[in-house]
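Novice: sequence and predicted structure are below.
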Amino acid sequence: MAAVRTDNLSKEFNGMQAVCRLNLEVQPGEIFGLVGPDGAGKTTIMRLLTSIMEPSSGDAWVQGLHSVRDAEAIKEKIGYMSQRFGLYADLTVQENVDFYADIYGVPRRGREKTIDELLSFSALTPFKKRFAGNLSGGMKQKLGLACALIHTPEVLFLDEPTNGVDPVSRRDFWRVLYQLRQKGVTIVVSTAYLDEAERCSRLGLLHQGNLLSVGSPREIKSLMKGQLLVVRSSHPREAAQLLQEVLREEHITLFGDRIHVITDAPESSRTSITHTLSGSAYTLHSISDQEPSLEDVFVSMLGTTEKERSHEIVSS
């Protein structure tokens, strides 16, 4: 049985489709990532799956329980950490965890051992007496996670848990998630960080409420059509704009000081890039092949989707 399953799950707000006919399955014990930019529908999906919100149509099940009919039963089996988890700044780390233990009805007997274990693997034991308001961003996130885990949930939902957290704290947070996975906890996490999505067992790419693709990071990378060329130039931004005017059929994106060109005809594109930049004021330093990142794949998929929509509009 899938830990999470949806069947044409949809949600509308004032006639706007936030989630459109979502069909996916999350297997027990995996880390499943919902990946997409702001407005993709990640938070809405989280709220639908955690029975906070009812769908406009379609169905969802968590651990075999229906998200609407069995809403109260689902809440006993899950942990949910929203983007703004409700920590109390004027309570200490210990007091926050105790408070959530009371909310979830965790028995007093054995509670202290559970709390000590949570604070230990979250590396918060030395800070038990520190007020939550005085914690760093990363430590607040780990405290929020500890509070969400106090009742030992079977499925954990995390809505952009590392948003605004420094890289070191993000790495530490994911180390904790891996430990939870080893204990058999199923984790559904949303993120806008495509490099972070590489850490998931499987992931779903979302755009404007639509699920573009589902698979492991390697499987999704293999879906990208064409070859990725990385171009380095003396003036990358200006060079990218020039190449977009010349190579109209290719996907061209600026990544820092590099220009990424996704092409179905790499040799022809190399020639065009060399000829275009050689005849300009922008010095061409190099052109090299590179394995695409998830970000490259996502940009390519979005470009293909927009082209298909434009074609449909023109055809109609």
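Specialist: Yep, it's here. Not measured: the values here are computed from a predicted model.

Novice: strands along the stretch 1-150 of the chain, start to end?
Specialist: 4-13, 16-26, 31-35, 57-62, 65-66, 78-81 (DSSP state E, counting those that start in this stretch).

Novice: quick one, which of those is nearest to residue 274?
Specialist: Residue 274 sits nearest to strand 31-35 of all the strands of the stretch 1-150 of the chain, at 34.7 Å, using C-beta to C-beta. Backbone N, C-alpha and C define where each C-beta goes, glycine included.

Novice: what's in contact with that closest one?
Specialist: 4, 26, 42, 45-46, 177-178, 181, 186-192, 194, 196-197, 199-206, 294, 298 (C-beta atoms under 8 Å, 6 or more residues apart in numbering).

Novice: in ChimeraX, how would I select the buried members of those residues?
Specialist: Listed next is the ChimeraX selection for buried residues among the contacts of strand 31-35, using 16 or more other C-beta atoms under 10 Å:
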select :4,26,42,45,46,177,181,186,187,188,189,190,191,194,196,197,199,200,201,202,203,204,205,206,294,298
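
Novice: in strands only, show me the contacts of strand 31-35.
Specialist: Using DSSP state E, the members of the contacts of strand 31-35 that fall in strands are 4, 26, 186-191, 202-206.

Novice: hang on, the earlier thing: could I get the strands of the stretch 1-150 of the chain as JSON lines with mean pLDDT and distance to residue 242?
Specialist: Formatted as JSON lines, those follow (pLDDT from 0 to 100; distance: least, C-beta to C-beta, whole Å):
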{"stretch": "strand 4-13", "mean pLDDT": "97", "distance to residue 242": "41"}
{"stretch": "strand 16-26", "mean pLDDT": "96", "distance to residue 242": "37"}
{"stretch": "strand 31-35", "mean pLDDT": "96", "distance to residue 242": "31"}
{"stretch": "strand 57-62", "mean pLDDT": "98", "distance to residue 242": "46"}
{"stretch": "strand 65-66", "mean pLDDT": "98", "distance to residue 242": "55"}
{"stretch": "strand 78-81", "mean pLDDT": "93", "distance to residue 242": "45"}
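
Novice: out of those strands, which is the most enclosed?
Specialist: Ranked by mean neighbour count, the strands of the stretch 1-150 of the chain are led by strand 31-35 with a mean of 25 (mean count of other C-beta atoms under 10 Å).

Novice: please save the CA atoms from that strand in CSV.
Specialist: Output in CSV follows, covering the C-alpha atoms of strand 31-35 (Å, rounded to 0.1, in the frame of the first residue of the first chain):
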residue,chain,number,x,y,z
ILE,A,31,11.8,10.8,0.7
PHE,A,32,9.5,12.3,-2.0
GLY,A,33,10.1,15.9,-3.1
LEU,A,34,7.5,18.3,-4.5
VAL,A,35,9.7,20.7,-6.5
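
Novice: per-residue pLDDT, the closest residue to residue 53 other than its chain neighbours?
Specialist: Leaving aside its sequence neighbours, residue 53 sits nearest to residue 47 (C-beta to C-beta, 6 or more residues apart in numbering; 4.1 Å). The model reports residue 47 with a pLDDT of 96.

Novice: quick check, residue 47 in contact with residue 60.
Specialist: No. Checked against C-beta atoms under 8 Å, the pair residue 47 and residue 60 is beyond contact range at 10.8 Å.

Novice: from residue 83, how far out is the residue nearest to residue 137 when sequence neighbours are not counted?
Specialist: Spatial nearest neighbour of residue 137, chain neighbours left out: residue 165 (5.0 Å); criterion: C-beta to C-beta, 6+ apart. Residue 165 sits 12 Å away from residue 83, going by C-beta to C-beta, to the nearest Å.

Novice: which of those two has more neighbours?
Specialist: Neighbour comparison, residue 165 and residue 83: the larger count goes to residue 165, with 20 against 14 (by other C-beta atoms under 10 Å).

Novice: tell me the residue furthest from the middle of this structure?
Specialist: residue 279 (41.8 Å; C-alpha atoms, centre = their mean).

Novice: re earlier: okay, now the residue nearest to residue 53: neighbour count?
Specialist: 21.

Novice: kindly report the same for the one 4 residues further on.
Specialist: Other residues near residue 51 come to 22 when the count uses other C-beta under 10 Å.

Novice: skipping adjacent residues, who's closest to it in space?
Specialist: Closest residue to residue 51 apart from its sequence neighbours, by C-beta to C-beta, 6+ apart: residue 71 at 3.8 Å.
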